[in-house]
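Enquirer: I'll drop the sequence and a predicted model, then ask my questions.
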Amino acid sequence: MDSEPIIHALEQEWEQPTGFFARLRAGEFDEAGLERLLTLLSAIEQAHDAPLSRRMVALLWFIPLFMTWQRERLVEQGEDLHTFEEALHRVLNKLYGILGLP
C-alpha cells in the first residue's frame with residue numbers, strides 16, 4: 001500500500017480550515033468531513049496486511065484523544081452531543097480494525 005496519499009489526506013484534515021479536525025477544533029461538527037475521514041480509514045483498513053509507517057500510526061492514535069478533548073467545546077458551541085458520540089464510535093471501530101486491540 002502506498003500510504004503517502006492517505007497520510008497527506010489525513011494531514012489535510014488537520015491543517016486545512018475545512019478539514020474535519022480543524023473544524024472540530026473550532027467547535028464545529030462536520031458530517032461531510034466525518035465521511036471523508038471514514039473513507040480514508042476504510043482505505044487503510046482494507047490494506048491491513050501492510051505495515052503502517054510511523055507517521056501513519058502517529059496520525060491514527062491521536063484521533064480518539066483529540067475527538068474526546070473536543071467534546072466539551074462542541075457542546076458549548078451548540079452541537080448535538082449524541083451525533084458526535086455516534087461519530088466517535090464509528091471512528092473508534094475503524095481504528096480498532098486498523099490498529100487492533102491488545
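Expert: That came through fine.

Enquirer: from here on, contacts and neighbour counts on C-alpha atoms
Expert: OK.

Enquirer: how about the CA coordinates for the one helix or strand Leu24 maps to, as CSV?
Expert: Using DSSP states H and E, Leu24 sits within helix 20-25. Extracted C-alpha coordinates of helix 20-25, given in CSV (Å, rounded to 0.1, in the frame of the first residue of the first chain):
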residue,chain,number,x,y,z
PHE,A,20,-12.6,17.6,9.8
PHE,A,21,-10.2,18.0,12.7
ALA,A,22,-9.6,21.7,12.1
ARG,A,23,-13.4,22.3,12.3
LEU,A,24,-13.7,20.2,15.4
ARG,A,25,-11.0,22.4,17.0
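
Enquirer: need the next SSE after the longest helix along the chain, C-terminal direction.
Expert: If you go by DSSP state H, the chain has its longest helix at helix 54-76. Once helix 54-76 ends, the next helix or strand along the chain (criterion: DSSP H and E) is helix 81-99.
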